[in-house]
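> turn this into a structure:
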Amino acid sequence: MTDILDSPPPAPSAPELTDDPSASELPESRSGPIIRGVLLLGGLVVLALFAGAWALVIVGALIVSIFLHEAGHFLAAKQAGMKVTEYFLGFGPKIVSFRRGETEYGIKAIPAGAYVRIIGMNDLEEVDPADEGRTYREKGYWARLRVVLAGPAMNFLIAFVLLLAVLVAYGQQAPGKWTVSDVGNGTAAAAAGLKTGDRILSVDGQTTSSFEKLGDAVHGRADQPVEIVIERDGQTQTVTATLGSALTDSAAKLVSPLEVGDRIMVVDGTPVSTYDDARRLLSTAAAGTVPVEFERGDSRYRTDVTTPVALPADGVRGFLGITPAIPRERVGPAAAVVGAGSDFKDLAVLSVQGFGQLFSPSGLSHYAKTVFTTAPNGATAQQRSTQAEQKAGITPIDTGTPSTLATVDPANQDRFVSIVGIVGIGSQLGKEGLLAVLLLIATVNFFLGLINLVPLPPFDGGHAAIATYEAIRGRITKRPYRADMAKLMPVAYFVFGLLVFVGLSSVYLDVVDPVKINP
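Model prediction:
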């Protein structure tokens, strides 16, 4: 949808192409769009060759999503009787266009979005007096609100439809039928002989019908022996395991740079077998720092911890050392709709939380620091991960076991991801199958809808906020009121500048330090 800043300048219609074989030479005015089209097609071919076919799928899905977002604005504007003069996919020079009625449709060279041009979006735009009655600004409040919210609503609809398609095609997760997917090296589960495919039925008599209930069963039993009833190959058997211990948030904060879930193994050269051992050694250590070895995932690290430090008695939880595999079951249409609604709600909660975290003062500060401290150095993903660990004061210890964290750079956590990053993530998820890609596209669409609801120009939510303010002000004064857009331009420019910074910087980060998905 055209906003106060992104309305492209008027341009002449692209010349129509001809299939006349008698044309021996193609004039420059005609060859320009063809050349741009060939370059665009060539770029897509190069993308497929170097990034893989899934990258092309993700790009196509994003283009369709943005196209449908603008289709929401377009259809709502047409229904409200507004005049729409342009509907283009892409920005920049035209490749091809055609006119139907009063609207010009077409494709432009830069596939970075789409737009529709609705006349009279604000009081600064000059419009032919004959068309004034069909401008956005002259329509009623509810008509304008429907037009500006139709785009985000389309993104939300796409997300819901994709979630529904996943449930229809792949079924719904069945948490009650979960099994063991992986067993961590050197963990209590490995010592007890648990294997991939085992189904854990209970821990010390407490049923574990879901993986969450397993967590509840082991949470308060750190460093304690427990009896685990499992089902293996249709047979039930009981094994005994002495649970490990993993730090909770309250303890991890006191022994930074350790994190939640880490397991302390050695303090100042002394092996520790229980959390109480670690507490005693850290609390009685001399003032200064002591070396601490700990495990995170399947890897072991060494760092220095400031001492003495008094860890809380409840700063630990039980740790078994497995990851779950949760199967999917086919569901009927009614159950699929209900399930999609539940998944949509969960996606909304996670997206709002992530949005709030990213745009909080601490989130923006962390992002700015990441942008200005990340430099292209040609390092591999594993080398970048090691460099980030060393910056945090963590040194990997070679234990002969592969690290599940080798491809995860902590600097990539909780940061903005550009279209380049989304394509990269989608290419990685494509190796897991179409299911993961569909869920990614659903998530991206929901976030696109959410960010467009920000009540600041030039977002759709900014237009909605202005229309609402005008309606309230008009009701109070008993006469039509129009906001002075000249006074809002500084806000719009600031927001636009912030968007440009975030867009360019996120592309930079996604090129020099791409996000990697854990295998």
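> now the element after the lowest-mean-pLDDT helix or strand in the chain, going C-ward?
Between all helices and strands in the chain, the lowest mean by mean pLDDT, DSSP states H and E belongs to helix 381-391, at a mean of 51. Under the assignment DSSP states H and E, the closest C-terminal helix or strand after helix 381-391 is strand 395-397.
> other SSEs contacting that following strand?
strand 299-307, helix 381-391 (3 or more C-beta pairs under 8 Å, 6 or more residues apart in numbering; DSSP states H and E). (Each C-beta comes from the backbone N, C-alpha and C, glycine too.)
> for the helix or strand where Pro152 lies, the averaged confidence score.
Assigned by DSSP H and E, Pro152 falls within helix 141-170. Taken as a whole, helix 141-170 has a mean pLDDT of 94.
> next, the buried residues of that helix.
Counting neighbours by 16 or more other C-beta atoms under 10 Å, one finds that the buried residues in helix 141-170 are 143-156, 158-160, 162-164, 166-168, 170.
> over to stretch 93-110?
Quick answer for stretch 93-110 (16+ other C-beta under 10 Å): 94-97, 103-104, 106-109.
> kindly report the same for stretch 315-324.
So for stretch 315-324, counting by 16+ other C-beta under 10 Å, buried means 315-322.
> same question, stretch 224-232
Those would be 226, 228-230, 232, for stretch 224-232 by 16+ other C-beta under 10 Å.
> for stretch 267-280, same thing?
267, 272, 274-275, 277-279.
> what does stretch 240-250 give?
Judged by neighbour count (16+ other C-beta under 10 Å), stretch 240-250 contains these buried residues: 241, 243-248.
> what does stretch 77-95 give?
77, 80, 82-84, 86-90, 94-95.
> check what pLDDT the residue nearest to Ala241 when sequence neighbours are not counted gets.
Excluding its sequence neighbours, the residue lying closest to Ala241 (C-beta to C-beta, 6 or more residues apart in numbering) is Ala192, at 3.6 Å. For Ala192, the model assigns a pLDDT of 91.
> and the one 5 residues further on, by the same measure?
At Gly197, the predicted lDDT confidence score is 92.
> what is the neighbour count of it?
12 (other C-beta atoms under 10 Å).
> run a quick neighbour tally on Leu509.
23.
> hang on, I meant Leu62
21.
> check contacts around it.
419, 422-423, 441, 444 (C-beta atoms under 8 Å, 6 or more residues apart in numbering).
> cool, Gly171 as well?
328-331.
> buried only: go through the residues you listed for me.
In the contacts of Gly171, the ones that pass as buried (16+ other C-beta under 10 Å) are Val331.
> mind checking which of the contacts of Gly171 land in helices?
Among the contacts of Gly171, no member falls in helices (DSSP state H).
> which of the contacts of Gly171 lies closest to Thr395?
Distance to Thr395, by C-beta to C-beta, is smallest for Arg328 among the contacts of Gly171, at 41.1 Å.
> ok, that closest one to Ile397 distance?
Per C-beta to C-beta, to the nearest Å, Arg328 is found 39 Å from Ile397.
> still on that earlier bit, now for the helix holding Pro152, which elements pack on it?
helix 53-79, helix 333-358, helix 434-451, helix 460-477.
> circling back: among the buried residues of stretch 93-110, which one sits closest to Tyr136?
Using C-beta to C-beta, these come closest to Tyr136 at Thr103, 14.8 Å.
> wait, that closest one sits on Thr85?
Yes - using C-beta atoms under 8 Å, Thr103 is in contact with Thr85, at 6.3 Å.
> run me through the strand neighbours of the strand or helix carrying Ile200, direction for each.
Following DSSP H and E, one finds Ile200 within strand 199-203. Paired strands of strand 199-203, with direction, are strand 206-207 (antiparallel), strand 225-232 (antiparallel) (DSSP bridges).
> so which of the ones you listed is nearest Ile517?
strand 225-232 (30.0 Å).
> what helices and strands are in contact with the helix or strand following that closest one?
Toward the C-terminus, strand 225-232 is succeeded by strand 235-242 as the next helix or strand (DSSP H and E). Here strand 235-242 touches helix 188-192, strand 225-232, going by 3+ C-beta pairs under 8 Å, 6+ apart.
> in CSV, list the C-alpha atoms belonging to the helix or strand following strand 235-242.
Next in sequence after strand 235-242, counting helices and strands by DSSP H and E, comes strand 244-247. Coordinates of each C-alpha in strand 244-247 appear next as CSV, following Å, rounded to 0.1, in the frame of the first residue of the first chain:
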residue,chain,number,x,y,z
GLY,A,244,22.8,-35.1,36.7
SER,A,245,22.3,-31.4,37.6
ALA,A,246,21.8,-28.4,35.4
LEU,A,247,21.9,-24.7,36.5
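> what residues does strand 244-247 touch?
Under C-beta under 8 Å, 6+ apart, the answer for strand 244-247 is 187-188, 222-223, 255, 258-264, 274-275, 315-321.
> now the end-to-end length of stretch 316-326.
Counting by C-alpha to C-alpha, to the nearest Å, you get 26 Å between the two ends of stretch 316-326.
> where in the protein is pLDDT low?
1-51, 374-393, 398-414, 518-519 (pLDDT under 70).
> for Gly133, see how far away the nearest residue to Ile63 once chain neighbours are set aside is.
Using C-beta to C-beta, 6+ apart and skipping residues adjacent in sequence, the residue nearest Ile63 is Pro111, 5.9 Å away. The gap separating Pro111 from Gly133 is 35 Å, by C-beta to C-beta.
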